[in-house]
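In: just the structure for this:
(2 chains)
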There are 2 protein chains.
Amino acid sequence: MFFEGSEKKIELQVNCSAVSLRSLPLNFWQQTLSLAGAEILSQLSNQACDAYVLSESSLLVWERKLLLITCGNTRLIDAVNHVIEQIGTEVISSLSYQRKSEFLSHLQASRFEDDVARLRAQLPGTAYRVGHLDNHHHYLFCSEQFVQSDASTCLLMYHIKGELAEYLRCNNQSSDEIRKRLQLERLLPEFDFDDYLFEPCGYSVNGIFEDKFLTIHITPQEHSSYVSIETNLNFLQYSFNIFAELLKILNPSSWDIIGMNMQVNNNDFPCHRRIANCDLQLNPLNEFNYNHYTQADSETLFAEVL
Amino acid sequence: MFFEGSEKKIELQVNCSAVSLRSLPLNFWQQTLSLAGAEILSQLSNQACDAYVLSESSLLVWERKLLLITCGNTRLIDAVNHVIEQIGTEVISSLSYQRKSEFLSHLQASRFEDDVARLRAQLPGTAYRVGHLDNHHHYLFCSEQFVQSDASTCLLMYHIKGELAEYLRCNNQSSDEIRKRLQLERLLPEFDFDDYLFEPCGYSVNGIFEDKFLTIHITPQEHSSYVSIETNLNFLQYSFNIFAELLKILNPSSWDIIGMNMQVNNNDFPCHRRIANCDLQLNPLNEFNYNHYTQADSETLFAEVL
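Out: Next up is the predicted model:
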């Protein structure tokens, strides 16, 4: 029942001399994704953005930006290299690649160091590890760049508990019920949503409104549950903190917040302890931050018989 | 500069029909250890015990018990299988095997599951994982047994800081000075000690008194520092808590306490938060416990450029 929920993520911005990324045909994206071992399951579009739910996470395409997130044992760099070869490096104004430490890293097709060697063959850049090897850690590669990346942030939850976690593991789920319990339509009424329920479990949803997005991927499996939420919402424009709301609903044992040019206030979070933090100035224009939290009480662990 | 400090550990007890394990000749242990990829560097003996400092951790041999701890990329199970073949399974009254989650598990010669498959070919038993895959976790295999294991406990420290940590990373260390700064002779004046300073850094010390032992292994390397302390001391017989004393001296960011039929009081520990705990009844006679702690303040992480 193990599934590697933790993701690899690429964000690529192109300059004005490039063709609109949205003008690239569907079969271009299908072919690109097949190189990574993923496929398109569903599509939602508005005037600014095409959002695809994938067999492993999500692809979002704007005119000048691409965000590709893939989980499982996908080969994201194969897909990225194909895109770079097709559009040319000269039109790329920035590229950032992030990879989370996996639950079972030995099952992955490549290591971060291998991925970076392949990216560097196309674009110069700097690679980092944030966090100790014996705990949650994040790998980051940023191309040399002279533009500011769009502000975005993600919340990664580990070991979800309680009512929704149990529902997500049961036999008779429906995507309507999951969406309702996540309260997405109440929280973000202006958004359109497109979701997908996997067999035997697992749930993905993309939401878009104008050029804003929110994407959630849930791997509910008992001993390795994981939820990722990625968004470019401006938290200051809302009267509530959407991460705090989703933390209350999904009730994880620990969670990480990662921001690019955005800081998330933790005032409304459930009772917690901040374990580790990092602020990293990537270059004069871009700032990365990382915060690792656990629930306030010591977690009682149960031994797993192997 | 990376070295895998985290260890594999085997404890084997034999019954009265076995020959004394101490009667086995030195070249038997040399041959056994060579199968694991380790060698004897130094020896200290008293009436109850032979304690060997190894190129990778320690071997302690009593008349009816063997404790072998090896770090790095050693193949502990190869050594154990050789011992079992030589003495015969019928004289073994208990065998327990523990393995810590490694910093870089993909560099290891085997996975825990492989090790257990080989042990089970010799002795029936139960295997467990305690702790989530995305954080510190410990693997444990216990043979079916009807005797109580000797009480023992270990303290594993991660990311040591401060004066002694810096001294352990400097160029002009001496084992005398490290031993003095660890205050071992002050804390345990009745013990004899035998230590070894590795090049370019790294320190091991075995201490014995009657049938009691304490063994410390220090991997001070900057981004993956690790210290393990294993002992069968009865904490109730001392006016101080030796783990608390060593925590103050080595000042780690996080630490684990693992006990077999022994609980360690955390009252005198430096300011801390207990993050996770587990009490596991292995069988009617034996109890395993695990506690994971971090320092009280959020740790400020520094990105490592790769």
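In: what comes up buried for stretch A:295-306?
Out: A:295, A:298-299, A:301, A:303-304 (16 or more other C-beta atoms under 10 Å in any protein chain shown). C-betas here are computed from N, CA, C, even on glycine.
In: can you tell me which of those residues are in strands?
Out: A:295, A:299, A:304 (DSSP state E).
In: roughly how far does the second one sit from residue B:256?
Out: When distances are taken as C-beta to C-beta, to the nearest Å, residue A:299 and residue B:256 turn out to be 14 Å apart.
In: do you have the strands of the stretch 1-150 of chain A handy? List them.
Out: A:8-14, A:40-45, A:49-54, A:57-62, A:65-70, A:92-100, A:125-130, A:138-143 (DSSP state E, counting those that start in this stretch).
In: need the residues of the stretch 101-250 of chain A near chain B, please.
Out: Applying C-beta under 8 Å from any C-beta of the partner chain, we find that the stretch 101-250 of chain A lies next to chain B at A:101, A:103-106, A:111-113, A:116, A:126-136, A:139-140, A:158-159, A:223-224.
In: max-length strand in chain A?
Out: strand A:272-283.
In: mind telling me what element residue A:180 is part of?
Out: Per DSSP states H and E: residue A:180 is located in helix A:175-182.
In: avg pLDDT for that helix?
Out: On average, the pLDDT along helix A:175-182 is 95.
In: buried residues in it?
Out: A:178-179, A:182.
In: mind putting the strands of the stretch 1-150 of chain A into JSON lines with mean pLDDT and mean neighbour count?
Out: Shown next, in JSON lines, are the strands of the stretch 1-150 of chain A (pLDDT from 0 to 100; neighbours: other C-beta atoms under 10 Å in any protein chain shown):
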{"stretch": "strand A:8-14", "mean pLDDT": "95", "mean neighbour count": "23"}
{"stretch": "strand A:40-45", "mean pLDDT": "97", "mean neighbour count": "16"}
{"stretch": "strand A:49-54", "mean pLDDT": "98", "mean neighbour count": "22"}
{"stretch": "strand A:57-62", "mean pLDDT": "97", "mean neighbour count": "23"}
{"stretch": "strand A:65-70", "mean pLDDT": "96", "mean neighbour count": "23"}
{"stretch": "strand A:92-100", "mean pLDDT": "94", "mean neighbour count": "23"}
{"stretch": "strand A:125-130", "mean pLDDT": "96", "mean neighbour count": "20"}
{"stretch": "strand A:138-143", "mean pLDDT": "95", "mean neighbour count": "22"}
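In: dump these into JSON lines; add distance to residue B:200 as well.
Out: Converted to JSON lines, those look like this (distance: least, C-beta to C-beta, whole Å):
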{"stretch": "strand A:8-14", "distance to residue B:200": "35"}
{"stretch": "strand A:40-45", "distance to residue B:200": "53"}
{"stretch": "strand A:49-54", "distance to residue B:200": "47"}
{"stretch": "strand A:57-62", "distance to residue B:200": "43"}
{"stretch": "strand A:65-70", "distance to residue B:200": "41"}
{"stretch": "strand A:92-100", "distance to residue B:200": "31"}
{"stretch": "strand A:125-130", "distance to residue B:200": "23"}
{"stretch": "strand A:138-143", "distance to residue B:200": "27"}
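In: nearest to residue A:280, of those strands?
Out: Closest approach to residue A:280 among those is made by strand A:125-130 (6.5 Å; C-beta to C-beta).
In: test my guess that residue A:83 contacts residue A:32.
Out: Yes: the criterion here is C-beta atoms under 8 Å, and residue A:83 meets it with residue A:32 at 5.8 Å.
In: please name the bridge partners of residue A:272.
Out: residue A:295 (DSSP bridges).
In: gap between stretch A:224-244 and the chain center?
Out: 11 Å (C-alpha atoms, centre = their mean, to the nearest Å).
In: tabulate the CA atom coordinates of it in CSV.
Out: In CSV, the C-alpha atoms belonging to stretch A:224-244 read as follows (Å, rounded to 0.1, in the frame of the first residue of the first chain):
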residue,chain,number,x,y,z
SER,A,224,3.2,7.2,4.8
SER,A,225,0.4,9.7,4.5
TYR,A,226,1.3,13.0,2.9
VAL,A,227,-0.6,16.0,1.6
SER,A,228,0.9,18.8,-0.5
ILE,A,229,-0.8,22.1,-1.1
GLU,A,230,0.8,24.6,-3.5
THR,A,231,-0.6,28.1,-4.3
ASN,A,232,0.2,31.6,-5.5
LEU,A,233,-2.6,33.1,-3.5
ASN,A,234,-1.8,36.4,-1.8
PHE,A,235,-2.5,35.5,1.8
LEU,A,236,-2.9,39.2,2.7
GLN,A,237,-6.0,39.4,0.5
TYR,A,238,-8.0,36.9,2.6
SER,A,239,-9.6,37.3,6.1
PHE,A,240,-8.5,33.8,7.0
ASN,A,241,-5.3,31.8,6.6
ILE,A,242,-6.1,29.0,4.1
PHE,A,243,-3.1,26.9,5.3
ALA,A,244,-4.4,27.1,8.9
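In: which element, helix or strand, includes residue A:255?
Out: strand A:252-260.
In: which helices and strands does that strand pack with?
Out: Helices and strands touching strand A:252-260, by 3 or more C-beta pairs under 8 Å, 6 or more residues apart in numbering or on different chains; DSSP states H and E, are strand A:152-160, strand A:286-295.
In: sheet partners, orientation included, of that strand?
Out: By DSSP bridges, strand A:252-260 pairs with strand A:152-160 (antiparallel), strand A:286-295 (antiparallel).
In: next SSE downstream of the shortest one?
Out: Towards the C-terminus, the helix or strand next in line after strand A:152-160, according to DSSP H and E, is helix A:163-169.
In: got the CA positions of that next one in CSV?
Out: Output of helix A:163-169 as CSV, limited to C-alpha atoms (Å, rounded to 0.1, in the frame of the first residue of the first chain):
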residue,chain,number,x,y,z
GLU,A,163,-12.2,12.1,10.5
LEU,A,164,-11.1,13.2,7.0
ALA,A,165,-7.9,11.1,7.2
GLU,A,166,-10.1,8.0,8.0
TYR,A,167,-12.6,8.8,5.3
LEU,A,168,-9.8,9.1,2.7
ARG,A,169,-8.7,5.6,3.6
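In: how many residues are close by the closest residue to residue A:227 other than its chain neighbours?
Out: Of all residues not flanking residue A:227 in the chain, residue A:157 sits nearest, at 4.2 Å (C-beta to C-beta, 6 or more residues apart in numbering or on different chains). By other C-beta atoms under 10 Å in any protein chain shown, 24 other residues sit near residue A:157.
In: residue A:189 too?
Out: For residue A:189, using other C-beta under 10 Å, the count is 8.
In: so what's it up against?
Out: Residues near residue A:189 by C-beta atoms under 8 Å, 6 or more residues apart in numbering or on different chains: none.
In: let's see that with 10 Å instead.
Out: residue A:209 (C-beta atoms under 10 Å, 6 or more residues apart in numbering or on different chains).
In: for it, give me the backbone phi and psi.
Out: phi -60, psi -20 (degrees, to the nearest 10).
In: show the pLDDT at it.
Out: Confidence score, pLDDT, at residue A:189: 96.
In: how far away is residue A:241 from chain B?
Out: 19 Å (C-beta to the nearest C-beta, to the nearest Å).
In: next, count neighbours for that residue.
Out: Quick note: residue A:241 (other C-beta under 10 Å) scores 16 neighbours.
In: please name the nearest non-neighbouring residue to residue A:244.
Out: residue A:268 (3.7 Å).
In: circling back to that earlier point, elements contacting the helix holding residue A:180?
Out: Under the contact criterion of 3 or more C-beta pairs under 10 Å, 6 or more residues apart in numbering or on different chains; DSSP states H and E, helix A:175-182 touches helix A:163-169, helix A:184-187, strand A:192-197, strand A:203-209, strand A:212-219, helix A:242-250.
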